[in-house]
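Asks: structure for the following, please:
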Amino acid sequence: MIRRFGQNLIRPTRLTLTSVRFQSESVGQFNENLETKKRRLLWQSRKRGISENDLLLSTWFQQEMSNLTMKELEEYDLIINAPVNEWDLFYWISKTRDVPEEYQLPIMTKLQEHCENKN
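Replies: Residues are numbered from 1 along each chain as shown. Presented below is the predicted three-dimensional model:
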C-alpha cells in the first residue's frame with residue numbers, strides 16, 4: 001500500500017519473513033513421560049492430514065492407547081510423524097501398497113488389522 005503525504009510518496013519497507021522449522025531427528029527426543037506422549041499422539045492422530053488417515057489413526061489410537069508400551073508408542077510416533085506422503089501412509093495401512101522395510105513394524109500390522117475392520 002502506498003500512502004501520499006504532501007508531495008512525497010512513502011513506500012513501506014519490505015519485510016522478509018523467515019520461518020523456523022524444528023524437525024525431529026530421533027524418536028523420543030521430547031523427553032516426555034508416558035501420559036504426555038499419549039496425549040500428544042492422540043492429538044496428532046486426529047490432525048495427521050487427510051481425513052482418511054485422521055479417522056483410521058484416531059479411532060485405533062483411542063482404542064489401544066491405554067495398552068501400548070513406551071516402545072510401541074515410539075513406533076507409532078515414528079509412523080505418524082514420518083516424512084512421507086499422506087496417501088502413501090493410507091495405502092500402506094489399507095494394504096493397497098507394500099510397506100517400505102523401515103515401516104514394517106508391529107504397530108503397522110496392528111493398524112492394518114484395524115483398517116480391515118474385522119472387530
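
Asks: what residue ranges in this protein score low on pLDDT?
Replies: Under the criterion pLDDT under 70, the flagged ranges of the chain are 1-30, 119.

Asks: show me where it has helices.
Replies: For the chain, the helices defined by DSSP state H occupy 34-46, 51-64, 70-80, 86-93, 106-116.

Asks: counting by contacts, list what the last one packs against.
Replies: The criterion is 3 or more Cβ pairs under 8 Å, 6 or more residues apart in numbering; DSSP states H and E, and the helices and strands that helix 106-116 contacts are helix 51-64, helix 70-80, helix 86-93. Just so you know, the C-beta spots here come from the backbone N, C-alpha and C atoms, and that holds for glycine as well.

Asks: minimum distance to Glu102: which of those has it?
Replies: Nearest to Glu102 among the helices and strands packed on helix 106-116 is helix 70-80; the distance by Cβ to Cβ comes to 8.6 Å.

Asks: CA atoms only: put the closest one into PDB for me.
Replies: Output of helix 70-80 as PDB, limited to C-alpha atoms (Å, rounded to 0.1, in the frame of the first residue of the first chain):
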ATOM      1  CA  MET A  70       6.600 -46.900  25.500                       C
ATOM      2  CA  LYS A  71       8.300 -48.900  22.800                       C
ATOM      3  CA  GLU A  72       5.000 -49.300  20.900                       C
ATOM      4  CA  LEU A  73       4.300 -45.600  21.400                       C
ATOM      5  CA  GLU A  74       7.600 -44.700  19.900                       C
ATOM      6  CA  GLU A  75       7.000 -47.000  16.900                       C
ATOM      7  CA  TYR A  76       3.600 -45.300  16.400                       C
ATOM      8  CA  ASP A  77       5.200 -41.900  16.700                       C
ATOM      9  CA  LEU A  78       7.700 -42.900  14.100                       C
ATOM     10  CA  ILE A  79       4.900 -43.900  11.700                       C
ATOM     11  CA  ILE A  80       2.600 -41.000  12.100                       C
END
